[in-house]
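Student: let me see the structure of the following:
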Amino acid sequence: MSDLLQLIANGLVTGSIISIAAIGLSLVYGILKIVNFAHGDYLTFGAFMAFLVNVTWGGHMVTAVLFAMAATALLGILLELILWRPMRRRGAGIAPATGVFNPHGAIMRSRAEVAELGDALDSKSSGALPRAGSIPAFGIRLTCAPSRSLT
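Tutor: Numbers count the residues shown, from 1 in each chain. Predicted coordinates:
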């Protein structure tokens, strides 16, 4: 029974993460009629901002989450004003038949910067970054790393 509860908890955690991206895609498409696949990059940026405040600066987790939300919102607003809005006005990057917005260059650049930031944070902390933390609750462990096996 414990294994079943653990699998259910892992499924809920993983499903919650996937639903964040799905809701974001749905909202952007519903409003702008453009599909922007950069949601994972925004999610990663927010996670790094929370990590920065909580681990690097030693701030409280609530402060870290609020800072991450504000920083990610600011990034989104800045990118909208500086990059996406001017591109939409010129019709750049929009496939006429599908309405797909293609920000692959920006995504690849941001992923490279996130990888460099991750390496820098890992080296500053002497390799002490948590790889897959978990929280015990009601006889199961809530973790971001889903089970690899059902056995």
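
Student: quick check, pLDDT for residue 64.
Tutor: Model confidence at residue 64, given as pLDDT, is 94.

Student: confirm that it sits in a helix.
Tutor: Yes: Residue 64 sits within a helix when classified using DSSP: H, G, I helix; E, B strand; the rest coil.

Student: where in this structure is pLDDT low?
Tutor: The chain contains residues with pLDDT under 70 at 33, 92-135, 142-151.

Student: just the strands in it please.
Tutor: For the chain, strands defined by DSSP state E occupy the ranges 35-36, 100-101, 134-137, 140-143.

Student: can you name the residues that contact the closest residue to residue 72 other than its chain neighbours?
Tutor: Spatially, and ignoring its direct neighbours in sequence, residue 72 is nearest to residue 46 (4.1 Å; CB to CB, 6 or more residues apart in numbering). Quick note: C-beta positions are derived from backbone N, CA and C, even for glycine. Residues in contact with residue 46 (CB atoms under 8 Å, 6 or more residues apart in numbering) are 68-69, 71-72.

Student: kindly report the same for residue 32.
Tutor: residue 88.

Student: what about 6 Å?
Tutor: Contacts for residue 32 were tallied using CB atoms under 6 Å, 6 or more residues apart in numbering; there are none.
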